[in-house]
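Novice: Got a predicted structure here, sequence first:
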Amino acid sequence: MSKTYAELGDLKVGSFIIINGEPCRIVEMSKAKTGKHGSAKAHVVAIGLFTGTKRTMVAPVSQRVEVPIIDKRIGQVIADMGDRYQIMDLETFDTFEVEKPEEEDLVSRIKVGSEVEYWVVMDRRKIVRVRG
């Protein structure tokens, strides 16, 4: 698995975290100190990278949480296959298929032959942006 560990209190809005096995980007985070003998708690709201679902988590700030390792790579679009793109990695020349992104403006800019940046997160791939 491509993940590492960090303390929940060290993460910030915009950081990545794994909640229930799904890699997510933190969109909201608040910390609350509890009573005299309690530990400070963090309330995290995150959006799934692949599913787009909202996930929440409440845990002590000292708790170690899983953080995905994101491998950012460049590829070239070889074919448009309806709901998927066929992409060739420009370093390894491996070819693979990736689902089309949810964002309409991103899909409209992707053409056969264009270079895209894609992320490999926990053995799954996602197109993030068009280069150039």
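Specialist: Now that the structure is in, tell me what you want to look at. Note that the structure is predicted; figures quoted are calculated from it, not measured.
Novice: Point to the helix or strand of the protein where mean pLDDT is at its lowest.
Specialist: Evaluated with mean pLDDT, DSSP states H and E, the helix-and-strand set of the chain has its lowest mean pLDDT in helix 104-109, which scores a mean of 91.
Novice: Restricting to C-alpha, output it in CSV.
Specialist: Output in CSV follows, covering the C-alpha atoms of helix 104-109 (Å, rounded to 0.1, in the frame of the first residue of the first chain):
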residue,chain,number,x,y,z
GLU,A,104,-16.6,19.0,-17.4
ASP,A,105,-14.1,21.8,-18.2
LEU,A,106,-11.2,19.4,-17.7
VAL,A,107,-12.8,16.8,-20.0
SER,A,108,-13.4,19.5,-22.7
ARG,A,109,-9.7,20.3,-22.8
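Novice: All the strands of the protein, in order from the start?
Specialist: Taking DSSP state E to define them, one finds strands in the chain at 3-7, 16-19, 22-32, 41-48, 54-60, 64-68, 70-80, 84-89, 95-99, 115-121, 124-130.
Novice: Run the chain-centre distance for stretch 116-125.
Specialist: 8 Å (C-alpha atoms, centre = their mean, to the nearest Å).
Novice: For the residue positioned nearest the centre of the chain, which non-adjacent residue is spatially closest?
Specialist: A centroid search over the chain (C-alpha atoms, centre = their mean) returns L49, at 4.1 Å, as the residue closest to the centre. Here the nearest residue to L49 in space, its sequence neighbours aside, is P23; by C-beta to C-beta, 6 or more residues apart in numbering that works out to 4.8 Å. Where C-beta positions appear, they are placed from N, C-alpha and C, glycine not excepted.
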